[in-house]
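*Asks:* kindly generate the corresponding structure for this input.
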Amino acid sequence: MTTIDAAVEAQPFQAEVSELLNLMVHSVYSETDIFLRELISNASDACDKLRYEAIANPALIGDGELPKIRIVPNKKNNTLTIADTGIGMDRQELIDNLGTIARSGTRSFLSRLNEAKDGAGLIGQFGVGFYSAFMVADRIVVTSRRAGTDEVWTWSSSGGSGFEIAAAGKDGAQLPVRGTEIVLHLKTDAAKYLEAYEIERIVTAYSDNIQFPIELVPEEGEPRQINSASALWQRPKSELKPEDYAQAYKSIAGAFDEPAMTLHYRAEGRYSYAVLLFAPSTKPFDLFEPARKGKVKLYVRRVFITDDADLLPAYLRFIRGVIDSEDLPLNISREMLQNNPQLAQIRKAVTGRVIGELETLGEKQPESFAKIWDAFGPVIKEGIYEDFERREKLLALSRFTTTSGENRTLKQYVADLKPNQTEVYFLVGDSIERLKSNPKLESAAARGIEVLLLTDPVDAFWTSAPLDFEGKPLKSLSQGDIDFGLIPLLDDKKEEVKSDADEASIIAVIKATLGDRVADVRASQRLTASASCLVAGSHGPDRELERLLARQNRGVGTKPILEINLRHPLVAAVVQAGANAADLSFLLLEQAQILDGELPEDPAAFANRLNRLVVEGLSKA
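*Replies:* From the prediction side, this is the model:
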């Protein structure tokens with residue numbers, strides 16, 4: 001260890017870090033092994049960054065020492081050291097990286113950590129891995145020299161409200177010319193992490209595929225490498241076992257679940273590249289972050305370049321893994337990445353392979369595919385709206401809850417079309433239960449017509465595009481005209497009762513009463529039992545999309561169309577109701593709003609109106 005000069009500067013932690021450390025220090029998790037995996041992962045990132053920066057500045061590794069990671073247990077001092085010869089950190093980087101958490105997910109992490117029975121599984125997902133070391137250490141000292149500089153800085157903390165930082169003393173010259181050394185002063189109950197076999201077990205389980213040598217320096221005996229340090233994606237599939245892929249997934253993705261799908265192949269030809277991708281079986285915390293960034297890492301000839309290259313479209317952002325190119329230049333810049341035609345070709349080809357693999361999984365391993373769809377179905381459906389080229393494939397890939405069952409495909413739907421049915425019908429809402437009781441289903445149900453019940457927020461958007469599947473247009477039951485006249489009723493002996501009501505007179509009274517509250521009033525082909533419902537016009541947004549846009553103050557304020565069931569007694573009574581005609585007209589509108597999950601414009605007036613009609617009805621009983 002190095003000594004520290006007298007000029008020690010104390011600084012407070014960012015508020016979220018203090019709260020996080022309090023949880024780490026005072027909570028007990030069943031899997032504290034996570035800390036070593038996270039520190040090794042951070043060391044690997046530092047080595048990756050060094051290799052990348054050395055492409056433009058070879059002097060950074062002018063000493064000839066290749067990047068590596070060392071683990072040094074010391075039972076006498078009760079310390080465990082994790083050191084790397086990576087890029088290192090200067091004073092400001094130590095403060096920024098170890099004193100703050102510059103991630104939007106921090107608050108979400110803390111919230112879920114408080115709720116979780118065992119929060120260890122969340123740590124790797126939220127970029128707060130360094131702080132997991134406080135689960136096993138009551139003091140941590142970090143000494144670092146950034147490659148290409150002479151200054152050595154020491155950061156230390158006992159996990160309280162802050163940390164200390166100072167320039168290292170003269171002994172700092174004994175450090176490597178670059179890199180970071182983390183010394184954990186272990187708690188009494190963490191002594192097992194000083195045992196060589198325990199360290200090897202954790203490295204084998206979580207970090208075997210780290211590309212840099214991980215060297216164990218025991219107190220007795222010679223230092224030895226304890227990981228394979230091979231790029232698994234460059235090895236032939238015939239050499240690998242399922243457990244190898246499971247370990248690689250956990251190492252690359254920083255995950256604890258098992259992958260629901262693994263895709264490993266090498267592309268040869270005009271462009272050569274290796275692909276190792278995984279679909280998780282559980283949902284990551286940041287799946288719906290506004291940036292919608294992917295997490296596939298780009299390597300060039302085994303050198304890590306970036307995890308921000310958008311190697312897959314945003315609707316496949318849940319995929320984790322690596323793409324390793326043999327042809328891209330090592331010094332490719334961020335601007336070049338955005339406009340590189342070779343990378344665009346790789347992106348197109350890999351996207352097609354991923355979708356094809358999902359299709360195959362859905363056919364041959366439906367249980368595995370169900371895990372992916374349950375977790376990421378709403379994300380995949382974003383592609384139906386965004387990716388015109390692959391729209392048909394994504395529609396075929398999708399699974400739906402319908403009035404006929406769950407996990408239905410459009411292929412199954414089309415195979416079960418009723419005689420004379422030429423469209424695929426759907427209804428969008430906020431819950432399956434509310435949709436199943438929606439009056440707009442009545443006429444379809446009477447004919448046994450299957451209807452897709454769509455409840456994900458994204459459903460209101462992708463269904464707004466003009467869509468068809470195998471030549472059958474998708475049609476909303478809450479928008480435009482509906483005519484089921486050519487489709488026979490399930491009970492062919494029972495004909496729909498014709499209304500004797502004066503359609504023109506009823507509609508005229510209701511229109512005059514409601515005025516500009518509705519765009520139109522018309523007789524409904526959707527309803528068989530209910531009195532009224534609200535629908536959208538043939539042009540413009542559907543009802544659910546209009547509601548979503550209104551919540552974001554982006555709605556255009558389109559007035560709905562009120563459809564009335566002329567066979568219903570309440571509707572038929574409008575003309576003869578006299579003074580009550582206005583109340584009945586408003587009641588038809590307001591009950592339709594309630595059935596759509598909306599509040600009447602004036603709830604108090606609605607209650608008074610309903611009370612008057614009920615009291616009057618009781619007085620005549």
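*Asks:* just for the stretch 151-300 of the chain, where's the confidence low?
*Replies:* For the stretch 151-300 of the chain, applying pLDDT under 70 flags the ranges 170-176.
*Asks:* which stretches in it count as strands?
*Replies:* For the stretch 151-300 of the chain, the strands defined by DSSP state E, counting those that start in this stretch cover 153-157, 162-167, 179-186, 214-216, 224-225, 261-267, 273-279, 295-300.
*Asks:* partner strands of the next helix-or-strand element following the last one, parallel or antiparallel?
*Replies:* Spelled out, it's strand 295-300. Using DSSP states H and E, the helix or strand that follows strand 295-300 in sequence is strand 303-306. In the sheet, strand 303-306 lines up against strand 295-300 (antiparallel) (DSSP bridges).
*Asks:* okay, the angle between the strand it pairs with and strand 273-279?
*Replies:* Here strand 295-300 runs at an angle of 170 degrees relative to strand 273-279 (axes from the mean of the first three to the mean of the last three CA atoms, to 10 degrees).
*Asks:* just the residues contacting strand 295-300, thanks.
*Replies:* With contacts defined as CB atoms under 8 Å, 6 or more residues apart in numbering, strand 295-300 is touched by 231, 252-253, 277, 304-307, 309, 311-312, 317, 319-326, 328-330, 332, 337. Heads up, the C-betas are built off the backbone N, CA and C, glycines and all.
*Asks:* ditto for stretch 44-61
*Replies:* The contact list for stretch 44-61 (CB under 8 Å, 6+ apart) reads 67-69, 84-88, 147-148, 178-180, 207, 210-212, 303-305, 330-331.
*Asks:* repeat the analysis, applying 6 Å as the threshold.
*Replies:* Residues from elsewhere that reach stretch 44-61, judged by CB atoms under 6 Å, 6 or more residues apart in numbering: P67, D84, G86, I87, A147, G148, I210, F212, V303, F304, L330, N331.
*Asks:* what sits against the third one?
*Replies:* This means G86. Counted by CB under 6 Å, 6+ apart, G86 has contacts A46, C47, L50, P67, G179.
*Asks:* same thing with the second one?
*Replies:* Taking CB under 6 Å, 6+ apart, we find D84 in contact with A43, A46, C47, I69, G179, T180.
*Asks:* ok, S44 to A229 distance?
*Replies:* As judged by CB to CB, to the nearest Å, S44 and A229 stand 10 Å apart.
*Asks:* how many neighbours does R178 have?
*Replies:* R178 is flanked by 23 other residues according to other CB atoms under 10 Å.
*Asks:* now it, nearest residue through space, not along the chain?
*Replies:* Leaving aside its chain neighbours, R178 sits nearest to A147 (3.8 Å; criterion: CB to CB, 6 or more residues apart in numbering).
*Asks:* from Y52, how far out is the one you found?
*Replies:* Distance of A147 to Y52, given as CB to CB: 11 Å.
*Asks:* returning to what we had before: so of the contacts of strand 295-300, which ones are in helices?
*Replies:* I252, A253, L337 (DSSP state H).
*Asks:* and the last one, how far from K297?
*Replies:* In other words, L337. For L337 relative to K297 (CB to CB), the value is 13 Å.
*Asks:* ok, which stretches of the stretch 501-621 of the chain are strands?
*Replies:* Secondary structure of the stretch 501-621 of the chain (DSSP E, counting those that start in this stretch): strands at 520-523, 532-535, 561-564.
*Asks:* what's L194 in contact with, if anything?
*Replies:* P73, K75.
*Asks:* roughly how far apart are it and V136?
*Replies:* The separation that L194 has from V136, given CB to CB, amounts to 11 Å.
*Asks:* show the pLDDT at S27.
*Replies:* The score at S27 is 55. That number is its pLDDT.
*Asks:* what do you get for A605?
*Replies:* 91.
*Asks:* how far away is the nearest residue to it once chain neighbours are set aside from N580?
*Replies:* Leaving aside its sequence neighbours, A605 sits nearest to F586 (CB to CB, 6+ apart; 7.8 Å). F586 sits at a distance of 10 Å from N580 (criterion: CB to CB).
*Asks:* of these two, which one has the most company?
*Replies:* F586 (21 against 16).
*Asks:* neighbour-wise, which of the ones in helices among the contacts of strand 295-300 leads?
*Replies:* In the ones in helices among the contacts of strand 295-300, the most neighbours by other CB under 10 Å go to I252, 22 neighbours.
*Asks:* kindly reformat the strands of the stretch 151-300 of the chain as TSV containing distance to E450 and mean neighbour count.
*Replies:* Formatted as TSV, the strands of the stretch 151-300 of the chain follow (distance: least, CB to CB, whole Å; neighbours: other CB atoms under 10 Å):
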stretch	distance to E450	mean neighbour count
strand 153-157	61	23
strand 162-167	62	18
strand 179-186	60	23
strand 214-216	56	20
strand 224-225	60	14
strand 261-267	29	18
strand 273-279	29	25
strand 295-300	37	22
